[in-house]
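*Asks:* Provide a 3D model corresponding to the input given below.
(chains A and B)
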Amino acid sequence: MSTQEHDGTEALRTPGPSSPIRRLASAAAVLALGAGLAGPLGPAPARAEAAPAGRTLTVAVAQSVDSLSPFLAVRLVSTSILRLTYEYLTDYDPGDAHPVPGLATSWKPSADKLTWTYTIRSDATWSDGQKVTANDAAWTFDKMMTDQGAATANGSFVSNFREVSAPSPTRLVIKLKKPQATMTALDVPIVPEHIWKNVKDFSKFNNNSTFPVVGDGPFTLTDYKPDSYVRLKANKSFWRGAPKFDQLVFKYYKDQDAAVAALRKGEVSFVAGSPSLTPAQAASLKGDKNIRVNDAPGRRFYAIATNPGARAKNGQKFGDGAPSLLDERVRHALFLAVDRKAIVDKVFQGHAVEGQGYIPPRFSTYFWKPDGSQALGYDPTKAGQLLDQAGYKKNSDGRRVGKDGKPLNYRVLCHATDPNDKAVGQYLKEWWGKLGIGMTLDCLDNVTDPWLAGKYDLAFDGWSVNPDPDFVLSIHTCGALPATPKDTGATDNFICDKTYDDLYAKQLAEYDPTRRADLVKQTESRLYDLGYMNVMAYPNAVEAYRTDQIKSIETMPKAAGNIYGQDGYWSWWSAVPTASGPSSGGSSSTGLVIGIAAAVVVAAGAGLLIARRRGATADDRE
Amino acid sequence: MSAEALAPGTGPGPGPRALARQRRRRSAARFWQQYRTHRAGLVGLAALVLFALLALTAPLTAGSGVSGVTDAPGAPLEAPSGHFPLGTDRFGRDLLGLLVWGSRVSLLVGLLAAVLSVAIGAVVGITAGHFKGTYATVVMRVTDWFLVMPTLVLAIALATVMSRSLGTVVLAIGVTSWPTTARLVRAQTLAVESRPYIERATALGGGHWHVMTRHVLPNVMPLVLAQTTLMVSSSILSEATLAFLGLGDPTVVSWGGLLQDAREAGAVSAGDWWYLLPPGIAIALVALAFTLCGRAVESVLNPRLGANR
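*Replies:* Okay, here's the model as predicted:
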């Protein structure tokens, strides 16, 4: 019995796209068996290993780790894990995200704004017992300045550094070429020099050969299996205080429904969703007794990016973006026809905030929104007028015709893995269709290749914004363009505008917080007017955890904030386990189980029929 | 049957064309008489007629506006009610309407893919059986290669590299599922060509083309027809599978696409059964109906299969 049940659950979890169709018949039969057995029994007693030598916090994730090297990792899951293993110079306060001491206990710019001096704490140690010193920090920055391979992920932070030195083990001095406002927001993991100096090629080393990985964060990376799990152990001697959980495991669930089922069963304590739980999942989880759904303003924006004609720093143009999109009126017309309220209401079902400027309202210091005349609200009539003015008139079929006499038809690049892209894409198709503009939705698993090659017209785009907005602003400067068409630049979608660049440079050099915020808002305003980045919504972070496993966990910001993907290690570091052992969940909806069982039986019946018929004919035909 | 395939000589009475017409009418009547004796076949046929009517009349019953998202009538994921008998989908569209509308794509793709697949299989099978020699060896090795390749993997690969459209899906299914047909047709061709009248036809000056089209093709035709009917059901399943895996055109409504939408919306863990069950059951029913018909046709046309299994 138990083995069959195991088979059943295994089969349910395997998203069998790799098996040939004919085998589906037998698979369906197995499924039917499994469902039939599992139904009346309730959830499988899969919590046997739940009472191990320590309290484990298991997090369900879907994103693959790109690299465990802090010099290469850019994905959210990897940077989150590295944030737990390596301490930064400064952290962000979980309350209002102002810089708080990390490795550095204090910092001070010189009068000419060009030299920054950090005092490094003396009570931090690496997990192999050695002390953390200013030398480690100096070596890390120096490596990124001198080795192109080490600058892959965070090179933008040090491109303005002239010299980094450590006059004493507790003093770090950074000399700049030009004033830089982000010196208290250097999101660079500091690595131990005595380990990393042996690395030969920083562009290839992924930091996954020896475990445990020597680090100084609240957790130590002890084990990793690609697309299976990442295991971390609590650092009991962490200077800020030891985490309450003994172990933290990031476990892979490629299918979000499977992750939700695992949460219901108690196999995982936390589900982040990729990028968040769907409205239907959140609504159904809200009814469960031991599960809390955290629905908080997110730090992401969700936008349509326009291809402004891809080009490289050397002036060479490439890609095949539609020439009509170079006309600002066309870009504005397209966005005027987008009903952002409908997107928030229908696609996100309220789990998002209507899009305005570039930076989400959660970062109130830098949040900017267009007022009256500047705002491109939902106005299809005005959109039509703009297109008429721009010379794209409707032909007899009601389709807008380009300068070359052909009807306008835009290719929109969409992530096949993101359901929201596909859903919003259908709305765009109808809205733009009413304007007389055709649209093809190109949903790809790998959008990177056409994106980097500039082979798209419009694309769905989104970034997580840091408390300091420098990075998300920097990706739209001319300086971020690739050196040649063959290179990869830091640029998001090849925007290069002189006015924008000037404003960006000004905000970076401004040390006064109020004046800098004002400049950042002007930069956003310029970006809005250009119409290359049209923010449709700020999606909420919708995540859920078991209250019978996690007693409390800190969100960021504290009032209403997210848990997964914070700008810091606060959530996992602060998580408190529930004192009593976790009770097994398992209030699954009986109706669904019966429904699925019925469907499976029908499918199995059909499958068996086909299989039998095939078997028979193979014998009977000559 | 093989004797009938020979064109009778010209003579007095009705002309050869009229004769042929008469003969065809007679054999069609005979076919229907025998088909009627297969109860399962009749049930399948009735179901097919029903589904065909549903698909053809969809513009009248459901209306083409049913797939529009901007003017969706309901709230997202509403449970079945008097107003929406099967509830609504993630956009608030009427699922009953979508189900009816989606039958068009599923049936169309299923039929086209099956026809394409059987056409390729028949051409390969007949030529390989007729020409033998090096050509046959090479062609049959290619067939074997396709036969051992997992169909779904190959179809996914094809659908991934080509642009996402209905044509791509038809092509991906058709190009990957022909080898069984090719094998069957080749076997039948070999059997037919070993009969003495083929030798006589060749002796009288019949060329390759004549033998293949006038003698072999009519004899393998019943097999091809039955194979097509059976292939449709597996093609519909493949189409649903590809759409479910997100390889179809996301803006086109099909049954597999509905399942994929449901999965992406999280309907499985939310327990929104009305989003999942109807398309799944519809796929199973159509596949079953085609299989029943195919089996009945097969046993009528091929007496050696025995009567009324």
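
*Asks:* residue 292: what secondary structure?
*Replies:* With no chain named, the answer covers chain A. strand (DSSP: H, G, I helix; E, B strand; the rest coil).

*Asks:* I was thinking of chain B, sorry if that wasn't clear
*Replies:* Classified using three-state DSSP, residue B:292 is helix.

*Asks:* for it, give its distance to residue A:257.
*Replies:* To residue A:257, residue B:292 is 33 Å away according to Cβ to Cβ, to the nearest Å. Using the backbone N, CA and C atoms, a C-beta is placed for each residue, glycine as well.

*Asks:* can you list contacts of stretch A:226-241?
*Replies:* Residues outside stretch A:226-241 that contact it (Cβ atoms under 8 Å, 6 or more residues apart in numbering or on different chains) are A:64-65, A:81, A:84-85, A:121, A:123-125, A:127, A:212, A:215-224, A:242-243, A:245-252, A:254, A:573.

*Asks:* in that stretch, what's buried?
*Replies:* For stretch A:226-241, the buried set under the neighbour-count rule, 16 or more other Cβ atoms under 10 Å in any protein chain shown, comprises A:230-235, A:238-240.

*Asks:* now the spatially most central residue of chain A, nearest residue through space, not along the chain?
*Replies:* For chain A, the residue nearest the mean C-alpha position is residue A:76 (4.9 Å; Cα atoms, centre = their mean). Leaving aside its chain neighbours, residue A:76 sits nearest to residue A:565 (5.1 Å; criterion: Cβ to Cβ, 6 or more residues apart in numbering or on different chains).

*Asks:* coming back round to it: residue B:292 and residue A:257: who's more crowded?
*Replies:* Neighbour tally, residue B:292 and residue A:257, criterion other Cβ atoms under 10 Å in any protein chain shown: the higher count belongs to residue B:292, 25 against 19.

*Asks:* the stretch 151-300 of chain A: strands as residue ranges?
*Replies:* A:161-168, A:171-176, A:219-225, A:229-234, A:247-252, A:270-271, A:291-296, A:300-306 (DSSP state E, counting those that start in this stretch).

*Asks:* single out the most deeply packed of the ones you listed.
*Replies:* strand A:270-271 (a mean of 29; mean count of other Cβ atoms under 10 Å in any protein chain shown).

*Asks:* how about that strand, does it reach chain B?
*Replies:* No: contact of strand A:270-271 with chain B (Cβ under 8 Å from any Cβ of the partner chain) is absent, the minimum separation being 10.0 Å.

*Asks:* near chain A, which residues of the stretch 51-200 of chain B?
*Replies:* Contact residues (Cβ under 8 Å from any Cβ) of the stretch 51-200 of chain B with chain A: B:68-70, B:72, B:76-77, B:90-92, B:150-153, B:156, B:160, B:163-164, B:184, B:187-188, B:191.

*Asks:* once you drop chain neighbours, what's closest to residue 223?
*Replies:* No chain in the question, so chain A it is. In space, residue A:223 is closest to residue A:231, 4.1 Å off (Cβ to Cβ, 6+ apart).

*Asks:* my question was about chain B, not that one.
*Replies:* Excluding its sequence neighbours, the residue lying closest to residue B:223 (Cβ to Cβ, 6+ apart) is residue B:188, at 5.4 Å.

*Asks:* hmm, which helix or strand of chain B has the shakiest average pLDDT?
*Replies:* Lowest by mean pLDDT, DSSP states H and E among the helices and strands of chain B is helix B:2-5, with a mean of 45.

*Asks:* distance from whichever helix or strand comes after that helix to the middle of the chain?
*Replies:* As assigned by DSSP states H and E, the chain's next helix or strand after helix B:2-5 is helix B:16-36. Put simply, helix B:16-36 sits 24 Å off its chain's centre (Cα atoms, centre = their mean, to the nearest Å).

*Asks:* returning to what we had before: nearest to chain B among the buried residues of stretch A:226-241?
*Replies:* Set against chain B, the nearest of the buried residues of stretch A:226-241 by Cβ to the nearest Cβ is residue A:230 (23.9 Å).

*Asks:* need the pLDDT of the closest one.
*Replies:* Residue A:230 is assigned 93 on the pLDDT scale.

*Asks:* may I see the buried residues of the strand or helix carrying the residue nearest to residue B:223?
*Replies:* Taking DSSP H and E as the criterion, residue B:188 maps to helix B:179-193. Going by neighbour count (16+ other Cβ under 10 Å), the buried part of helix B:179-193 is B:179-190, B:192-193.

*Asks:* same question for stretch A:571-580.
*Replies:* A:571-575, A:577-578.

*Asks:* ok, stretch A:315-332 next?
*Replies:* Residues of stretch A:315-332 classed as buried: A:318-319, A:321-322, A:324-325, A:327, A:329-332 (neighbour count, 16+ other Cβ under 10 Å).

*Asks:* between those, which sits nearest residue B:222?
*Replies:* Nearest to residue B:222, judged by Cβ to Cβ, of the buried residues of stretch A:315-332 is residue A:322 at 53.1 Å.

*Asks:* list phi and psi for the closest one.
*Replies:* phi -60, psi 130 (degrees, to the nearest 10).

*Asks:* roughly how far does it sit from residue A:444?
*Replies:* Separation of residue A:322 from residue A:444 (Cβ to Cβ): 18 Å.

*Asks:* show me the helices in the stretch 501-622 of chain A, by range?
*Replies:* Remark: helices assigned in the stretch 501-622 of chain A by DSSP state H, counting those that start in this stretch are A:513-530, A:570-574, A:590-620.

*Asks:* looks like residue B:214 contacts residue B:206 (just checking).
*Replies:* Yes: taking contacts as Cβ atoms under 8 Å, residue B:214 lies within contact range of residue B:206: 7.4 Å.

*Asks:* over to the residue in the stretch 351-500 of chain A positioned nearest to chain B: give its phi and psi.
*Replies:* When scored by Cβ to the nearest Cβ, the stretch 351-500 of chain A has residue A:419 as its residue closest to chain B, at 3.7 Å. Dihedral pair for residue A:419: phi -60, psi -30, per degrees, to the nearest 10.

*Asks:* show the contacting residues for it.
*Replies:* With Cβ under 8 Å, 6+ apart, residue A:419 has these contacts: A:278, B:264-265.

*Asks:* same question, residue B:40
*Replies:* Taking Cβ under 8 Å, 6+ apart, we find residue B:40 in contact with B:292, B:295-296.

*Asks:* any idea how far it lies from residue B:48?
*Replies:* As judged by Cβ to Cβ, residue B:40 and residue B:48 stand 13 Å apart.

*Asks:* quick one on the thing from earlier: quick check: the residue nearest to residue A:76 vs chain B, distance?
*Replies:* 20 Å (Cβ to the nearest Cβ, to the nearest Å).

*Asks:* what is the neighbour count of that residue?
*Replies:* With other Cβ under 10 Å as criterion, residue A:565 counts 21.

*Asks:* that one contacts residue A:464, correct?
*Replies:* Yes: when contacts are counted by Cβ under 8 Å, residue A:565 is listed as touching residue A:464 (6.5 Å).

*Asks:* and stretch A:205-221, which residues are buried?
*Replies:* Those buried within stretch A:205-221 under the rule 16+ other Cβ under 10 Å are A:205, A:207-208, A:213-221.
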